[in-house]
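1. Provided below are the primary sequence and the corresponding predicted coordinates.
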Amino acid sequence: AQTVTQSQPEMSVQEAETVTLSCTYDTSESNYYLFWYKQPPSRQMILVIRQEAYKQQNATENRFSVNFQKAAKSFSLKISDSQLGDTAMYFCAFMSIQGAQKLVFGQGTRLTINP
Amino acid sequence: DAMVIQNPRYQVTQFGKPVTLSCSQTLNHNVMYWYQQKSSQAPKLLFHYYDKDFNNEADTPDNFQSRRPNTSFCFLDIRSPGLGDAAMYLCATSRGDSHEQFFGPGTRLTVL
């Protein structure tokens, strides 16, 4: 079974700083999807960014980018020029391309952006 | 706007009293999921529907059931809630040919 590990339960940075959230995963599959989801306080979970394992190029979405290291099974999220609205719980998630489209989530990192 | 809607947002029930949570979607997605998220924990998949096909996770307690009367609606029934079932319940949808899931705002269940 796949597992996802986020080793940073909480992080806190100042507004405009860059922050990196760590995620490692374990799988025996060669092709799969990885995601970062954001869950703001009392609001719904939204997709931040996703990476397809067969693509070597790291995904980017505006201020959000990932560092995907397939051999190391590492998938970190970098947030540049952090904003107060980035304060949220961030979940790393794995999805196999085989069978049902089920997300396996990490434990989450609570990120606080301070003014 | 197309969206995933969950009602109610907050539900209080008594120990052992059956409760039903509802989810509806205007995205016309054929896959619907129910997740349980306990405080400060990751969401955990309970089951999902692929069209009308029900798929239960192996470790989902029998106490949890689901119904999907049509494409737009999906219900989570908890037959005899225990104190340990207090959690946020998240509904999500996806298109069968896409790997992105869209989440509703969740229903926070309190069991007294």
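-> On my side now, so go ahead.
2. Which positions in chain B make contact with chain A?
-> Proximity of chain B to chain A (C-beta under 8 Å from any C-beta of the partner chain) is limited to residues B:4, B:31, B:40-45, B:48, B:50, B:55, B:90, B:94, B:96, B:99-101, B:103-106. Heads up, the C-betas are built off the backbone N, CA and C, glycines and all.
3. Can I get the buried part of those residues as one PyMOL selection?
-> Per 16 or more other C-beta atoms under 10 Å in any protein chain shown, the buried members of those correspond to this PyMOL selection:
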select buried, chain B and resi 4+31+42+43+44+45+48+90+94+99+101+103+104+105+106
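4. In strands, which of the residues of chain B next to chain A appear?
-> B:4, B:31, B:44, B:45, B:48, B:50, B:55, B:90, B:94, B:103 (DSSP state E).
5. Chain A: which of the residues you listed is nearest?
-> Chain A lies nearest to residue B:103 out of those, by C-beta to the nearest C-beta, at 4.2 Å.
6. who touches the closest one in this structure?
-> Contacts for residue B:103 (C-beta atoms under 8 Å, 6 or more residues apart in numbering or on different chains) come out as A:37, A:44, A:45, A:46, B:4, B:90, B:91, B:92.
7. spatially speaking, which residue is in the middle of chain A?
-> Among the residues of chain A, the one closest to the centroid is residue A:36, at 3.1 Å (C-alpha atoms, centre = their mean).
8. Surely that one is in a helix?
-> No - looking at residue A:36 with DSSP: H, G, I helix; E, B strand; the rest coil, it is strand, so not inside a helix.
9. Just to check, it is in contact with residue A:77?
-> Yes - Residue A:36 lies in contact with residue A:77 (C-beta atoms under 8 Å); the separation is 4.7 Å.
10. picking that back up, and the residue nearest to the centre of chain A, bridged to which residues?
-> When assigned by DSSP bridges, residue A:36 has beta-bridge partners residue A:49, residue A:92.
11. got a list of what it touches?
-> Residue A:36 neighbours (C-beta under 8 Å, 6+ apart): A:21, A:23, A:47-50, A:64, A:66, A:75, A:77, A:90-93.
12. pLDDT wise, what is residue B:7 at?
-> Looking at residue B:7, its pLDDT reads 89.
13. if I look at it, how far off is chain A?
-> 14 Å (C-beta to the nearest C-beta, to the nearest Å).
14. So residue A:85 belongs to a strand, correct?
-> No - under three-state DSSP, residue A:85 sits outside any strand and is assigned helix.
15. That one - how many residues pack around it?
-> Around residue A:85 there are 9 other residues, counting by other C-beta atoms under 10 Å in any protein chain shown.
16. If I look at it, what pLDDT would I see?
-> pLDDT recorded at residue A:85 is 95.
17. Now do the contacts for it.
-> A:40, A:113.
18. what about it, distance to chain B?
-> Taking C-beta to the nearest C-beta, one finds residue A:85 at 17 Å from chain B.
19. Correct me if wrong: residue A:34 contacts residue A:93.
-> Yes - if you go by C-beta under 8 Å, residue A:34 and residue A:93 touch, sitting 7.2 Å apart.
20. joint contacts of residue A:36 and residue A:77?
-> A:21, A:23, A:48, A:49, A:64, A:66, A:90, A:92.
21. Neighbours of the fourth one, how many?
-> Going back to what we said before, that points to residue A:49. Other residues near residue A:49 come to 20 when the count uses other C-beta under 10 Å.
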